[in-house]
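Asks: With the sequence up front, the predicted model follows.
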Amino acid sequence: MLKSLSIICAAGVFISAVAAAQGTAAGSAPAPVAHTKYGDIRGYNDGPVKVFKGVPYGAPTGGANRWLPPQPPAPWSGIRDTTTAGPMSPQNLGAPMAEETAMLQTAPMNEDCLNLNVFTPQVGKKSGKRPVMVWFHGGGFAAGSGNATSYDGRNLAHKHDVVFVTVTHRLNVFGFLYLGDQFGAQYAQSGDVGVLDLVAALNWVKDNISNFGGDPDNVTIFGQSGGGAKVTVLMAMPAAKGLFKHAIAESGAVTRGMSKAQGAENAKRLMSALGVTTLAQLQAVPQDKLLSAMNETHFPAAPVVDGTALPTDPFDPTAPALSRDVPFMVGTTETEAVFFPSTPLDPIDDAKFHDLIKAATKASDADVDHLIGVFRHAYPGKDNTYLAQLLLSQTTFQERSVQVAELKADQGGAPVYVYYFTKHTPVRGGKLRAPHTLEIPYAMDSLAKAEPIIGPVTAEQQALADKVSSAWVSFARTGNPNNPKIPHWPAFDTKTRSIMIIDDQFKVAEDPLRETRTAIIDWRKQYPPSF
């Protein structure tokens, strides 16, 4: 039985304006207060930045609200205190890579998890109309929250004059259990409520962000890993159309969703493991018991192509027409796969290299040898460990991101910009090189909050963060990452295939991975992926 890790979140604290004013320390700036359509909230000052945490954008999702589309939060009177992180969705805690786990939220955790954080230079409608950057966290569709320490928006808000929002939502079995076939039309969208939560958060932004100095007509959605996957799903969702102007998918993308048949089968297995047959019984199951059954049945959390919330596969066979006019940025890091413990960090011999790639690619011995040979030729002088990291990274994260970039570019709509992040981290003696998640603190200029993954902050790292964050913010402001701090970044197309390589220096290259990319295409034709 999964040990209970749930912590019941305390009810929101309500403080009158008079009491708050009396409690303000002498000589300090008063705590910021902002208005939302549900009631007023009080945050705190982080230097010049106003921060609001745990702001509810939806009602609790437990009990009778389980697997239903999100409902608005109940309005409140007085001023609600929003100075601490809100709950995250029930989940298995931790990431495959220890450096990432060290930065993740661990509590509280319960089904009242529809909350967001706002970082802004100034509150009030008269304070300006700043670009809004809405961040979706990683962890696939199964784990994580908007409260990892590296997701700190202070510098984006202060240095770049933007409003930054992070979102927490339903995950795993709580967000992606398809019950439409068993329990009727009311649950037709139950396999996608986790991403419908994101739509609700974007509607909250549309309705309220002007009170935080943001421009509701200039919203960029972005995310990494599972967050990048969520971005690509939202690009194909009718309910999200018009709620964002630009999109960035970092190290994650979805081309195909889960079918209703697969989703229904997963639900039946879960209910069988729980020993329940009715909806009322399922809604009454304690959250920890649901997590245990999820683990027992290896529940695969993924958006369901239900014909309504998600009408079609997001990027198969083409890019979604709904977001044809949305500028798009997409990219990966060099050695994404070291995020997973099965990827080697220490020296391996030829036999181990062969067996590792055979297990990962499901290819014949001859095809494995061919793939390895291509990588040896493309990267002369690299040892087996480095080559394995590159090969495993390019046949997973890189392949999917390149695919969505190609489809979006061939659509002939808004431009696509592609990057390849190759800056290495010194942690673990440099063995991780450029792992999954490494670009996040550079894009957010949150280096000081991400030392587990980047090591002690250096002047060189800060110089790179200045460039990367400027490119991301320029894209959020205009749909184009170009700015005076970097060389010209051309849009991607499938002929020239221009990609920005991001290291201590930015450098444009045309099809820099051509040799390995074409070999992976040939391999994939012989060994197509299952869902």
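Replies: Right, received. Where do you want to start?
Asks: Wait, Ala74 touches Pro60, no?
Replies: No. If you go by C-beta atoms under 8 Å, Ala74 and Pro60 don't touch, sitting 9.3 Å apart. Quick note: C-beta positions are derived from backbone N, CA and C, even for glycine.
Asks: Looking at those two now, which is surrounded by more residues?
Replies: Taking neighbours as other C-beta atoms under 10 Å, Ala74 and Pro60 compare with Pro60 leading, 18 against 10.
Asks: Contacts only, for that one.
Replies: Pro60 makes contacts with Glu111, Asp112, Leu114, as judged by C-beta atoms under 8 Å, 6 or more residues apart in numbering.
Asks: The same query, at a cut-off of 7 Å, please.
Replies: Contact analysis of Pro60 by C-beta atoms under 7 Å, 6 or more residues apart in numbering lists Glu111, Asp112.
Asks: tell me, how many neighbours does Asp500 end up with?
Replies: Careful, residue 500 is Met; it's not Asp. Counted with other C-beta under 10 Å, Met500 comes out at 23.
Asks: Just the pLDDT at it, thanks.
Replies: Listed pLDDT for Met500 reads 98.
Asks: Next one: Arg269 from Tyr151, what distance?
Replies: Distance of Arg269 to Tyr151, given as C-beta to C-beta, to the nearest Å: 34 Å.
Asks: okay, how far is it across stretch 71-91, tip to tip?
Replies: 21 Å (C-alpha to C-alpha, to the nearest Å).
Asks: Show me what counts as buried in that stretch.
Replies: Within stretch 71-91, the residues that count as buried by 16 or more other C-beta atoms under 10 Å are 72-73, 79-82, 85-91.
Asks: Tell me which two in the residues you listed are the farthest apart.
Replies: The largest distance within these, taken as C-beta to C-beta, falls between Ile79 and Gln91 and amounts to 31.1 Å.
Asks: Verify the stated contact: Val231 with Ser225.
Replies: No. In this structure Val231 lies outside contact range of Ser225 using C-beta atoms under 7 Å: 10.7 Å.
Asks: Name the residue in these two with the higher neighbour count.
Replies: Each of Val231 and Ser225 has its neighbours counted (other C-beta under 10 Å); Val231 has more, 33 against 26.
Asks: helix/strand/coil for that one?
Replies: Classification of Val231 by DSSP: H, G, I helix; E, B strand; the rest coil places it in helix.
Asks: Let me see the domain layout of this structure.
Replies: Using automatic domain parsing, the domain parsing of the chain gives 14-323, 329-526.
Asks: mean confidence score for the first one?
Replies: Domain 14-323 carries an average pLDDT of 95.
Asks: how far is it from where the chain is centred?
Replies: Taking C-alpha atoms, centre = their mean, to the nearest Å, the mean C-alpha location of domain 14-323 is offset from the chain mean by 10 Å.
Asks: go on, stretch 508-518?
Replies: With C-alpha atoms, centre = their mean, you get 26 Å for stretch 508-518.
Asks: Only C-alpha atoms, please: export that stretch in CSV.
Replies: What follows is stretch 508-518, C-alpha atoms only, in CSV (Å, rounded to 0.1, in the frame of the first residue of the first chain):
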residue,chain,number,x,y,z
VAL,A,508,23.2,29.5,-36.1
ALA,A,509,23.7,26.3,-38.0
GLU,A,510,21.9,24.8,-40.9
ASP,A,511,20.8,21.2,-40.2
PRO,A,512,23.6,20.6,-37.7
LEU,A,513,22.3,17.0,-36.9
ARG,A,514,21.7,16.0,-40.5
GLU,A,515,23.7,12.8,-40.5
THR,A,516,22.2,11.4,-37.3
ARG,A,517,18.8,12.8,-38.1
THR,A,518,18.5,11.0,-41.4
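Asks: Need the contact partners of that stretch.
Replies: With contacts defined as C-beta under 7 Å, 6+ apart, stretch 508-518 is touched by 374-375, 377-378, 394, 402, 420, 487, 489-490, 496-501.
Asks: roughly how far is the helix or strand hosting Val402 from the heart of the chain?
Replies: Using DSSP states H and E, the element containing Val402 is helix 399-410. Here the centre of helix 399-410 is set off from its chain's centre by 18 Å, with C-alpha atoms, centre = their mean.
Asks: on that earlier part again, quick one: which of Arg269 and Tyr151 has more around it?
Replies: Each of Arg269 and Tyr151 has its neighbours counted (other C-beta under 10 Å); Tyr151 has more, 27 against 15.
Asks: Return the distance of the residue lying closest to that one once chain neighbours are set aside relative to Lys431.
Replies: Of all residues not flanking Tyr151 in the chain, Thr166 sits nearest, at 5.1 Å (C-beta to C-beta, 6 or more residues apart in numbering). Thr166 sits 30 Å away from Lys431, going by C-beta to C-beta.
Asks: Which one of those two is surrounded by more residues?
Replies: Taking neighbours as other C-beta under 10 Å, Thr166 and Lys431 compare with Thr166 leading, 27 against 18.
Asks: got the contact list for that one?
Replies: Thr166 makes contact with Leu116, Asn117, Trp135, His137, Gly146, Tyr151, according to C-beta under 7 Å, 6+ apart.
Asks: Give the rounded mean pLDDT of stretch 369-380.
Replies: pLDDT averaged over stretch 369-380 gives 98.
Asks: quick one on the thing from earlier: now secondary structure too, for the buried residues of stretch 71-91, in JSON lines please.
Replies: Below are these laid out as JSON lines (three-state DSSP):
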{"residue": "Pro72", "secondary structure": "coil"}
{"residue": "Pro73", "secondary structure": "coil"}
{"residue": "Ile79", "secondary structure": "strand"}
{"residue": "Arg80", "secondary structure": "strand"}
{"residue": "Asp81", "secondary structure": "strand"}
{"residue": "Thr82", "secondary structure": "coil"}
{"residue": "Ala85", "secondary structure": "coil"}
{"residue": "Gly86", "secondary structure": "coil"}
{"residue": "Pro87", "secondary structure": "coil"}
{"residue": "Met88", "secondary structure": "strand"}
{"residue": "Ser89", "secondary structure": "coil"}
{"residue": "Pro90", "secondary structure": "coil"}
{"residue": "Gln91", "secondary structure": "coil"}
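Asks: from the residues you listed, which single one is nearest Lys129?
Replies: Distance to Lys129 across the buried residues of stretch 71-91 (C-beta to C-beta) is lowest for Thr82, with 22.5 Å.
Asks: Would you agree the closest one is in contact with Pro56?
Replies: No. Judged on C-beta under 7 Å, Thr82 makes no contact with Pro56 at a distance of 8.6 Å.
Asks: Cool, thanks, signing off.
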